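Engineer: When you get a sec, could you give me coordinates for this:
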Amino acid sequence: MPLYEHVFIARQDLSNAQAEGLIEHFATVLADNGGSVVEREYWGVKTMAYKINKNRKGHYAFLRSNAPSSAVLEMERLMRLHDDVMRVLTIKVDTHAEGPSVQMQKRDDRERGDRPEGGFGGGERRERSFGDRPERSFGGDRPERSSAPRR
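Structural biologist: Coordinates of the predicted model:
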């Protein structure tokens with residue numbers, strides 16, 4: 001069976017127990033339609049980048065599933081109809097990653113990647129002093145303004 005990862009955002013005014021109840025509900029929908037949930041994670045209340053339905057925050061949940069496409073379509077259909085679910089994202093993956101998702105890992109345990117020493121710029125970084133400023137002259141290098149009226 002195909003492997004999927006699902007992330008959904010529920011309304012912020014739900015309690016934690018209600019948000020986890022939504023995760024259970026949608027896991028049973030998958031199970032009833034011939035699929036199974038491999039792993040489920042409740043990420044908690046997080047601030048969103050922009051308002052969705054007048055909400056600034058939302059309960060984030062993550063599911064890893066092993067289900068036929070018909071089960072996934074049915075779960076997504078029910079999520080869209082549910083009043084408490086604001087957004088849904090489902091992607092098909094080749095394999096499920098081992099261990100917790102990146103959101104659940106401690107900040108120190110995450111791999112930082114191969115960044116150059118100087119940061120995002122990629123080049124060497126050096127400290128600038130006041131003597132490194134480019135020379136500015138406001139004398140004769142400006143073109144003369146014409147006194148003709150603007151159109």
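
Engineer: what's around A27, how many residues?
Structural biologist: For A27, the neighbour count with other CB atoms under 10 Å is 18. Any C-beta I mention is one placed from the backbone N, CA and C, and that applies to glycine too.

Engineer: ditto for the one 5 residues further on
Structural biologist: The local packing of D32 (other CB under 10 Å) involves 11 other residues.

Engineer: Following element in sequence after the lengthiest helix in the chain, please.
Structural biologist: What stands out as the longest helix in the chain, according to DSSP state H, is helix 16-32. Scanning forward in sequence from helix 16-32 by DSSP states H and E, the next helix or strand is strand 36-52.

Engineer: quick one: average confidence on that next one?
Structural biologist: Averaged across strand 36-52, the pLDDT comes to 90.

Engineer: buried sites along it?
Structural biologist: By neighbour count with 16 or more other CB atoms under 10 Å, strand 36-52 contains the buried residues 37, 40-41, 43.

Engineer: how about low-confidence regions in the protein?
Structural biologist: Residue ranges of the chain with pLDDT under 70: 106-148, 150-151.

Engineer: Sketch out the helices for it, chain order is fine.
Structural biologist: Under DSSP H, the chain gives helices at 16-32, 69-81.

Engineer: List of residues touching the longest one?
Structural biologist: If I follow you right, that is helix 16-32. With contacts defined as CB atoms under 8 Å, 6 or more residues apart in numbering, helix 16-32 is touched by 6, 8, 10, 14, 36-37, 40, 42, 44, 59, 61, 63, 65, 67, 71-72, 74-75, 78-79, 82, 84-85.
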